[in-house]
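[1] Below: sequence and its predicted model.
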Amino acid sequence: MAEERTRAELSFVDRIVVARVAPPLTLAVVLTVLGLFVNGGRLGLDLAGGRLLPVGDLGQLWSAYLAGWHPVGGGTAGSAPASLAVLGGLGAVFAPVGGPHALVAVLLLGDAPLAGLAAYFATRRLRVSRWSRAGAAAVYALLPAATAGVAQGRLEVVAVHILLPLVTAGVVAVLAGGEGWLHIASWCALGVALLGAFSPLAQGLAVLGLVAGFVVLPSDRAASAGWKRVASVGIVVLLPLALLLPWPTTLVNQPALILHGLSGPGTAVTPTQLIGLDPGGPGALPAGIAVVVAAVAAVALRPRSLTGPATGMIMLGVCGLVVVRLAVVKPLQGGPSAPGFAGVPLLMVGAGLLWLVLASLADAPARVRRLRTPAVLAWVVLVAIAGAAALTAGREGPLRAGGGDRLAATQADELGRSGRSVLVLGEDGAPPRQSGGGFPRFGDDQLALSPGTPDRLTTWQAALVQPSSDATRGALAAAASSGALFVVLPHGVGAAPVVAVAPDLAVAVEQTRDGRAVLRLLPPSGEVVLVPPGVAKQAVTASSPATSLGVTPVDAALPDVRVRVSEGVAGRLLVLAAEQEPGWRVTVDGKAVPIVPAWGHQVAVAVPTNSSTVIVSHTSTMRDILLLGEIAALLFTALTSIPARRRAKTGEGFAESYSPSMTSGSTPR
């Protein structure tokens, strides 16, 4: 009899384990296998292409994030995006296999299983079956906006896709209040900050939803707990801004970063695609129409589900969609004005629709429970439709393994030794880019360039892609003056026509790894050059240099330059390959002197006739102060995110503080 009891106990334990483990395990396995089929042509730990520039190593990311001046677009003091710090911090875990670029590959290739498990975990307090939660999580993992984000290399969409369910659960917990409010608010603030590091629009929508929920759903608890709820909301609203410093200061002045995000403007999209939750571009089909139909059916079956927070989330997504599609702004890197990418708002709409379906099943009445078999079949159909769409369209797109374009080894070595830049002409709608030390990397497109730089780079590109004598020679001389050493032409554009027009200014060299023609600029130049009086007069009066400069390169590196000049004639100029913008300071023998603009946009200083010491520096005091504020915010978050010891007798904690009203009639388990 004891043996039978043991067997019965083991059978009961086995059933419990299967009931709890089988749904998430099955979810993870199915989504992982599906993801391998979809991304089979781009497997690797060094992805680039489309909207994703190659990701640097740990040293490069942290150097770019902490630097007050960046050799991008001729030089800019714009703040680097906070995503560099996130990838630099989390990428340290992947240092043995490549660091940050390996982390990015894991996020892109593992987007479906990671997002699916996040959605399953976030819905754990809904009183619906685990298999229904797993079905909803699988459909969420395969939403068209997510597959398009992966295929197009839009890292911000992938990050929001993974984080959105967890942040939503945190916002609900903050609105519920209760014991442990401080560490819940800190964790939620950290999640909102991570959202904002990749998508400022998602952060704004999350904060808007939190504030709206605070106003619409007042706490029904004792008045003594009201201040805790207010403090929680305040922490979630304000702490992410401090955690992202100094990035928010850039967002205030650059609305394109909010509307276009890290990945740039959106593509053409039809109303039919938007209804099907398809943001446009390769990698997706409007299969989300099945989710819309399922939500409509759920509301028809149980209309009271419309009164829950899922409807609020759908409304937030719709508002975000209206903003990104109707607000047309000029991209940060230049080009015609364009709307934003609809991926992030459509993710919110899709998540809200699936939440609505689950809410209609929570604590279902008898008439709904009788539809259990049709409900299971409906989830199977939804997952099948989403999976088929992902397999069909998800393999498309420009994202690929291999790390993107690269110069030949000898050219890369020369760039590293000289400190000069490479001008990469754009193709397929991408803007031309100028980057110091090598090919553009992730984070360069989010740097705010000086006002005239995008138009100037576009003018150079037009003159080099369609060569003409005067325009092409002027573009090559201007590029050399700005510090460029190599010019990478678009695919299909040969170097011979440019060399034929200006053989004394450029010569064809070894192609890039993917076959793009490369020009090496011949005029003497460098990060710092000494300009003779004749050319100096032209430098301060003309908008572009002559084809023959006659300058002398100086052994110095930007942004902090210290040069000892010898005696010479009057009228000489020391010209830097850096754009003139606030923050530059010049002293000659310890005395401050004004900056003289060269060619209308570069930093230059008049050199005296006697032997003297010239010091040019770029100050970033305010940025350093903001970085200290960010460190203080990180310390505060780390200390307050540790949960206090719970009282065993009362059992108060996160589970008990979760408000049943926030889940459309559900109760904690």
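    On my side now, so go ahead.
[2] if I look at the nearest residue to A502 once chain neighbours are set aside, how far off is A378?
    Closest residue in space to A502, ignoring its immediate chain neighbours: R473 at 4.7 Å, by Cβ to Cβ, 6 or more residues apart in numbering. C-betas here are computed from N, CA, C, even on glycine. Note on R473: its distance to A378, by Cβ to Cβ, to the nearest Å, is 67 Å.
[3] next one: R395
    Separation of R395 from A378 (Cβ to Cβ): 27 Å.
[4] what does P303 give?
    18 Å.
[5] Looking at the two, which one has more neighbours?
    Neighbours per residue, other Cβ atoms under 10 Å: of P303 and A378, the larger number sits with A378, 19 against 10.
[6] Does that one touch A294 like I think?
    Yes: here A378 reaches A294: they are 6.4 Å apart, a contact under Cβ atoms under 8 Å.
[7] tell me, what's touching these two both at once?
    Shared contacts of A378 and A294 (Cβ atoms under 8 Å, 6 or more residues apart in numbering): none.
[8] on that earlier part again, mind pulling up the pLDDT for the residue nearest to A502?
    On pLDDT, R473 comes in at 87.
[9] Count residues in the vicinity of it, would you?
    21.
[10] same deal with D555?
    If we define neighbours as other Cβ under 10 Å, then D555 has 8 of them.
[11] Regarding it, what is its secondary structure?
    coil (DSSP: H, G, I helix; E, B strand; the rest coil).
[12] Compute the first-to-last residue distance for stretch 76-95.
    One end of stretch 76-95 sits 29 Å from the other (Cα to Cα, to the nearest Å).
[13] what does stretch 250-269 give?
    Stretch 250-269 has an end-to-end distance of 29 Å (criterion: Cα to Cα).
[14] Next, the buried residues of that stretch.
    Going by neighbour count (16 or more other Cβ atoms under 10 Å), the buried part of stretch 250-269 is 250-251, 254, 256-267, 269.
[15] Equivalent analysis for stretch 114-134, please.
    Across stretch 114-134, burial judged by 16+ other Cβ under 10 Å covers 114-120, 122-123, 125-134.
[16] nearest spatial neighbour of A606, skipping sequence neighbours?
    Take A606 and drop its neighbours on the chain: the residue closest to it by Cβ to Cβ, 6+ apart is V596, 5.6 Å away.
[17] Out of the buried residues of stretch 250-269, flag the one nearest to G419.
    T250 (25.4 Å; Cβ to Cβ).
[18] residues touching the closest one, list them.
    Residues in contact with T250, defined by Cβ under 8 Å, 6+ apart, are G78, S79, L257, A448.
[19] Please spell out which residues along stretch 316-327 are buried.
    Under the neighbour-count criterion of 16+ other Cβ under 10 Å, stretch 316-327 has L316, G317, G320, L321, V323, V324, R325 buried.
[20] Take these and keep only those in helices.
    Assigned to helices by DSSP state H, the following of the buried residues of stretch 316-327 qualify: L316, G317, G320, L321, V323, V324, R325.
[21] for the fourth one, what are its contacts?
    Spelled out, it's L321. By Cβ under 8 Å, 6+ apart, the residues touching L321 are L274, A342, P345, L346, V349.
[22] now do the last one
    Contact analysis of R325 by Cβ under 8 Å, 6+ apart lists G266, V269, P339, G340, A342.
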